[in-house]
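[1] just coords:
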């Protein structure tokens, strides 16, 4: 019997605004789609938090024995600045600024994104499809929607007809709003707008002559609307209906609402059974934003190279910090909180390292004891917490309780011999599975003291900055070559210099 | 003046069967296309050798100051078992065997491929396009070829008409064969074949009902022929004509020949000016093949886990081993050769590590000396070798000559003071650029974490020595204070400077 047959997961469904028992469409199999990054800049920490949250869900479902197909896309075209129908494509704009081809931007930031995900020990998804890789599928879906009477063409652009769709199902269901309320929050159409109603959105857009990423279609040269790719790709790889659709909470009101609209318009089906959303990040209680100067990137966090950061925080510290909040709660970055997470992470790992060293003074108990019952209850509790809408902070709290037991056994404050042999085996299995397989934490504490490396690097970067200021190219060349030889890459950015090892 | 304006590269062009002076179409810019892997299995070492060879060319061109757009594709559909028009798609077959979706196969082996390339320290290309990501472009190109009269449809499949094309240009030019000779080596069409002539090949194929990776097209549901993707993608990202097209030698007779055919048929132009091909691998003098049991994978080589391997060979040892042969020569794997490469790589790196420690007993020469002239000649020779069709084995031989000089200076068998100061600076610059930037070797001998500390400390002590020599007390004070803060003590003695942590 698989573990998943013994565990009942409940998860909070944004669509119904309640916790529901998770029942996959096909027993033993899970299809999960998560909206991935738009690759026109370095991935920001809010995105990282989302992907780490879904990484833990993916890991837990796999741990339970489900066969999971996890699809997370890469948006490489069609996503406009401002997230609407008008304006410039984000990738194309960055390409213009960096004076390269849009696909060079895509490559650069996709490689960077993968690197950061690897640093955070997030597993690659099963399939990682791209918007430009599914133009034919998006054209096909648009045609089907037009054929079904839910799409209309105006001058080479195809819009989705929200009013007509709302006759079929409540369009505002995911955002919990009625159509009238949505309209009252929408600006009136001005003369510039071609579409019939303000909530209608583009499925396919006619390309202006200066637009670079464009393709031939039955309606002339154009490109897909941002929302369409996720509907086309989730349908292609997971079917018209699948189990879980996830993403950041900011995507629910428009992007995910329109994904549902597209699937309803195309095949009359709600695409996903469960809609899961991760909450936002704040910094010292304030929204993270470039204009406020409180926005730092993953590599700045790892290097401690942003003015707001008192020290570097390792990838596992940050991952642990994220998981200490529930994915539906906001997370607030502060040095205090990160330092506490660093301590907590190390405390957990110290217990993990003790585990293989434990052995009973004499022998194990041969029948149940109070200690045996208590420990088994804690081990059950790990699963109960994860089953409760993937409640990682509670899981971690229970793991701390187990760590305290491990320490007590180690210091012989509690006799390990009070456990039955099978319970001891279960302790080892569950504790390490939860930490390594499910929470996805690596044992960074085994690496040599990185404090020295950090200190030496900050010295070298200071000398380098001085050498450059003094036009002492010999010194700056010596530094560059030696660092390269050591596999250390240095990057100069607007907000200072950062480095990465290996 | 950029370095490339001082260096004249000659490269062997398969198309003309001679070495030609490299003159890019646009001064200072290079467009390079290399055929990447079909991602249906672990990347094999022959492919790795090809990509490492082109990585060195990419690095050298960038080192010379060229702005290089390097496109290397991922084949994720349309490549049939047996490389022909008929049979099963390689990716689809593997998906059937592993009981997953074709795009799960693609994801799994793309992630694995990127991982191996990173181990080999090969830079990511500027753009990494996929076949499935360019279906519209391939349909467009097929339509253009049909419109130009060089393609014909039979039952939903479009073939390229080789006989008609051969009236336009010599179809067999790349393989150095006449059309009659090519025909004499081709089997007769049997009743099963739809195409008019045996050399005709599919641009677009009608999909059988069981075929999974298929798309709507003007000719019904189908998929692109294997050769088409490279023509469509190179044209999209590098233009109708670009500078360098590369790949394994096995691709020249059919795949590359048909790429030229497609570009000629579509726009009447030879796509690439220079066609470069890497040669094959053998193992103990025999062709590497699964059926002979002498085929090992990169990770087996790194782990030493194949019966034919006496020990593990590190990624840098293997990279160095590849580069000790010219890319147009075959390379033969044997334990003896790999062990010799390991020694050679370490010898080179030992000299590289000595470089920052060198300083003259008294002072540098103020005018030219025989030693100065000899060393400058060696440094020039590095470039001359690389300019000669990227002759890495000769470059490495010269680097060994320079390493011997470095050793002699270090052991004071030859006085470093016979060099002029500028020559010493040039030595450091060229030697490290060639090893690190151009050959792309990492200093693995420092790989352990303590190695990083050692490496950083040796850099800092070098800077400290220079600062003291230049009476730059600010820098030497910064260094002293920061090292004290880190608990590192430094001791200057007769035999050099030593340091201690904590």
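    Structure's in. What do you need? Note that the coordinates shown come from a computational prediction; the quantities given were computed from them, not determined experimentally.

[2] What residue in the stretch 201-350 of chain A comes nearest to chain B?
    With C-beta to the nearest C-beta as the measure, the residue in the stretch 201-350 of chain A that lies nearest chain B is residue A:215; the distance is 4.4 Å. Just so you know, the C-beta spots here come from the backbone N, C-alpha and C atoms, and that holds for glycine as well.

[3] Please give the number of neighbouring residues around the residue lying closest to residue A:169 once chain neighbours are set aside.
    Nearest residue to residue A:169, sequence neighbours excluded (C-beta to C-beta, 6 or more residues apart in numbering or on different chains): residue A:264, at 5.6 Å. Neighbours of residue A:264 under the rule other C-beta atoms under 10 Å in any protein chain shown: 22.

[4] Quick check: which element contains residue A:264?
    Counting by DSSP states H and E, the element that carries residue A:264 is helix A:257-267.

[5] distance between the ends of stretch A:324-338?
    With C-alpha to C-alpha, to the nearest Å as the measure, the ends of stretch A:324-338 fall 11 Å from one another.

[6] Stretch A:324-340 too?
    From start residue to end residue, stretch A:324-340 stretches across 11 Å - C-alpha to C-alpha.

[7] and that stretch, how far from the chain's centre?
    Relative to the chain's own centre, stretch A:324-340 is displaced by 16 Å; criterion: C-alpha atoms, centre = their mean, to the nearest Å.

[8] quick one: average pLDDT of it?
    Per-region confidence: stretch A:324-340 scores 96 on mean pLDDT.

[9] repeat for stretch A:135-148
    Stretch A:135-148 shows an average pLDDT of 98 in the prediction.

[10] Can you check what pLDDT the model gives the closest residue to residue A:295 other than its chain neighbours?
    What sits nearest to residue A:295 in space, not counting adjacent residues and going by C-beta to C-beta, 6+ apart, is residue A:288, at 5.0 Å. On pLDDT, residue A:288 comes in at 84.

[11] and what of the one 5 residues further on?
    At residue A:293 the predicted local confidence, pLDDT, stands at 82.

[12] if we can go back for a sec, Provide a list of residues in contact with the residue nearest to residue A:169.
    Going by C-beta atoms under 8 Å, 6 or more residues apart in numbering or on different chains, residue A:264 touches A:150, A:165, A:168-169, A:270.

[13] Quickly note the distance from it to residue A:233.
    Counting by C-beta to C-beta, to the nearest Å, the gap between residue A:264 and residue A:233 amounts to 17 Å.

[14] Please indicate which of the contacts of residue A:264 are buried?
    Of the members of the contacts of residue A:264, the ones counted as buried by neighbours, 16 or more other C-beta atoms under 10 Å in any protein chain shown, are A:150, A:165, A:270.

[15] Wait, the first one touches residue A:263, no?
    No. Using C-beta atoms under 8 Å as the test, residue A:150 is too far from residue A:263 to be in contact (10.9 Å).

[16] which outside residues touch stretch A:10-28?
    Contacts made with stretch A:10-28 from outside it, assessed by C-beta under 8 Å, 6+ apart, are listed as A:2, A:4, A:8-9, A:30-31, A:65-67, A:173-174, A:176, A:241-244, A:252, A:270, A:273-277, A:328, A:387-390.

[17] Just the ones in strands from these, please.
    Secondary-structure check on the contacts of stretch A:10-28 using DSSP state E: residues within strands are A:30-31, A:67, A:242-244, A:273-277.

[18] Find the pair from those with maximum spatial separation.
    For the ones in strands among the contacts of stretch A:10-28, with distances taken as C-beta to C-beta, the pair at the greatest spread is A:67 and A:277 (24.6 Å).

[19] higher neighbour count, these two?
    When neighbours are counted by other C-beta under 10 Å, residue A:277 comes out ahead of the other of residue A:67 and residue A:277, with 21 against 16.

[20] Surely the more buried one touches residue A:328?
    Yes. Taking C-beta under 8 Å as the definition, residue A:277 is a contact partner of residue A:328 at 7.1 Å.

[21] Skip the chain neighbours and tell me the closest residue to the residue in the stretch 1-150 of chain A positioned nearest to chain B.
    Of the residues in the stretch 1-150 of chain A, the one nearest chain B is residue A:133, at a distance of 3.7 Å by C-beta to the nearest C-beta. When the adjacent residues along the chain are set aside, residue A:133 lies closest to residue B:133, with 3.7 Å between them (C-beta to C-beta, 6+ apart).

[22] The helix or strand harbouring residue A:474 versus helix B:473-485: what angle between them?
    Secondary structure from DSSP H and E places residue A:474 in helix A:473-485. With axes from the mean of the first three to the mean of the last three C-alpha atoms, to 10 degrees as the basis, helix A:473-485 and helix B:473-485 are set at 30 degrees to each other.

[23] Please narrow the contacts of residue A:264 to those residing in helices.
    Mapping the contacts of residue A:264 onto helices (DSSP state H) picks out A:165, A:168.

[24] Now flag whichever of the contacts of residue A:264 is closest to residue B:90.
    Proximity of the contacts of residue A:264 to residue B:90 was ranked by C-beta to C-beta; the top entry is residue A:270 with 36.5 Å.

[25] The residue nearest to the closest one when sequence neighbours are not counted: neighbour count?
    For residue A:270, ignoring the flanking residues on the chain, the nearest one in space by C-beta to C-beta, 6+ apart is residue A:260 at 6.3 Å. Residues contacting residue A:260 under the criterion other C-beta under 10 Å number 24.

[26] Verify the contact between residue A:260 and residue A:174 for me.
    Yes. Assessed by C-beta under 8 Å, residue A:260 is found in contact with residue A:174 at 6.1 Å.

[27] Walk me through the domains of chain A.
    A:15-278, A:282-446, A:450-501 (automatic domain parsing).

[28] out of the ones you listed, deepest packed?
    Comparing those by mean neighbour count (mean count of other C-beta atoms under 10 Å in any protein chain shown), domain A:15-278 ranks first with a mean of 20.

[29] roughly how far out does that one sit from the chain middle?
    15 Å.

[30] end-to-end on it?
    In domain A:15-278, first residue to last residue: 14 Å (C-alpha to C-alpha).

[31] What residues does the stretch 401-502 of chain A have near chain B?
    With C-beta under 8 Å from any C-beta of the partner chain as the criterion, the stretch 401-502 of chain A comes near chain B at residues A:447-448, A:450-453, A:455-460, A:462-463, A:466, A:474-475, A:477-479, A:481-488, A:501.

[32] Tabulate the domains of chain A (TSV), appending distance to residue B:126.
    Below are the domains of chain A laid out as TSV (distance: least, C-beta to C-beta, whole Å):
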stretch	distance to residue B:126
domain A:15-278	5
domain A:282-446	21
domain A:450-501	18
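
[33] for the stretch 351-500 of chain A, what spans make up the strands?
    When secondary structure is read from DSSP state E, counting those that start in this stretch, the stretch 351-500 of chain A shows strands at A:488-493, A:496-501.
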